[in-house]
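Participant: what's the 3D shape of this:
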Amino acid sequence: MCHAGGMALFEALVVAHVATGVVGLTAFWGPIVTKKGAGKHRKWGRAACYGFLGAGSLAIAMALFSLYGPEHRHPEITDRVLFDGLFGWMMLYLGVLTIGFVDYGLAVVRHARDRRALRSVRYQAMIAAVVISGAWCGFFGYRVGHPLMMLLAFIGIVAMLIQQRYIWRREDFPRGTHIGEHFRALIGMGISAYTAFLSVGLIRLIPEHVFNPAIWAGPSVIGVSLIITFTLKAKKAAAPRVSGVSPHPQQIGDGLV
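Facilitator: Numbering: from 1, shown residues only. Coordinates of the predicted model:
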């Protein structure tokens with residue numbers, strides 16, 4: 001592939017990534033602020049998921065292009081090893097992670113009455129892909145001394161372990177537990193998508209800060225804070241009241257989303 005043709009293809013991927021990313025990142029907040037189960041909640045949720053699936057797939061394509069495409073697409077970046085780490089392996093991992101969160105978030109609702117369906121090869125392969133790509137991202141981050149790559153890898157792998165706990169636990173969970181799993185997956189796909197989307201803008205708008213971990217860490221800090229806040233809110237809503245009567249699972253779900 002000639003250099004000019006490669007550049008044109010990469011720019012087309014960037015445009016498509018931005019278009020699908022804008023859809024996902026805009027619709028992302030809809031399911032959070034609307035009532036669980038309502039028509040608007042499902043409508044916004046579908047838009048966010050479709051947008052993120054597209055953005056995640058394109059992020060993988062862009063990552064592979066950064067790793068194996070024409071060299072020196074960004075001559076202002078002199079540290080090519082770190083460039084491969086952030087815009088290659090971490091971007092690939094974030095794309096896989098985004099798709100994995102979308103897949104799991106939809107699956108826990110679809111199979112709310114039968115968690116065993118999530119043990120199939122189809123779902124386990126997706127989780128394995130996230131763990132493998134995350135482990136490599138973290139290892140590469142350790143090699144190049146970039147803490148963000150290690151942090152994001154740690155967050156993603158821990159999230160997969162939490163999912164596996166829900167999937168493989170023998171005892172039944174309290175009714176409505178899948179709502180919390182659904183919510184965490186929704187926030188998780190937001191973290192990974194916002195981080196991947198941020199990389200596209202950073203290298204074009206402020207290339208001098210493209211390796212600044214403080215900027216890259218923003219989506220993770222906000223996303224994890226949201227997970228902690230709504231998890232505590234859900235636990236408070238689920239706690240037995242003075243009368244000894246627990247709220248209905250629908251109320252717990254409303255506290256989450």
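Participant: where does the stretch 51-200 of the chain have low pLDDT?
Facilitator: The stretch 51-200 of the chain contains residues with pLDDT under 70 at 70-79, 196-200.
Participant: let me see the ranges of the helices in it.
Facilitator: Assigned by DSSP state H, counting those that start in this stretch, the helices in the stretch 51-200 of the chain fall at 80-84, 90-110, 121-144, 147-168, 177-205.
Participant: which stretch among the ones you listed is buried most, on average?
Facilitator: helix 90-110 (a mean of 25; mean count of other CB atoms under 10 Å). Heads up, the C-betas are built off the backbone N, CA and C, glycines and all.
Participant: show me what it is packed up against.
Facilitator: On a contact count with 3 or more CB pairs under 8 Å, 6 or more residues apart in numbering; DSSP states H and E, helix 90-110 meets helix 39-68, helix 121-144, helix 147-168, helix 177-205.
Participant: how about these, which one is nearest residue 91?
Facilitator: Comparison of the helices and strands packed on helix 90-110 against residue 91 by CB to CB identifies helix 39-68 as nearest, at 3.8 Å.
Participant: other SSEs contacting that closest one?
Facilitator: Other helices and strands packing on helix 39-68, by 3+ CB pairs under 8 Å, 6+ apart, are helix 3-27, helix 29-33, helix 80-84, helix 90-110, helix 177-205.
Participant: quick one: buried residues of that helix?
Facilitator: By 16 or more other CB atoms under 10 Å, the buried positions in helix 39-68 come out as 41, 44-45, 47-49, 51-63, 65-66.
Participant: that one vs helix 121-144, what angle?
Facilitator: Going by axes from the mean of the first three to the mean of the last three CA atoms, to 10 degrees, helix 39-68 is angled at 50 degrees with respect to helix 121-144.
Participant: dump the helices and strands packed on helix 39-68 into TSV; add distance to residue 135 as well.
Facilitator: Shown next, in TSV, are the helices and strands packed on helix 39-68 (distance: least, CB to CB, whole Å):
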stretch	distance to residue 135
helix 3-27	25
helix 29-33	30
helix 80-84	17
helix 90-110	9
helix 177-205	16
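Participant: residue 121 is nearest to which of those helices?
Facilitator: helix 90-110 (13.3 Å).
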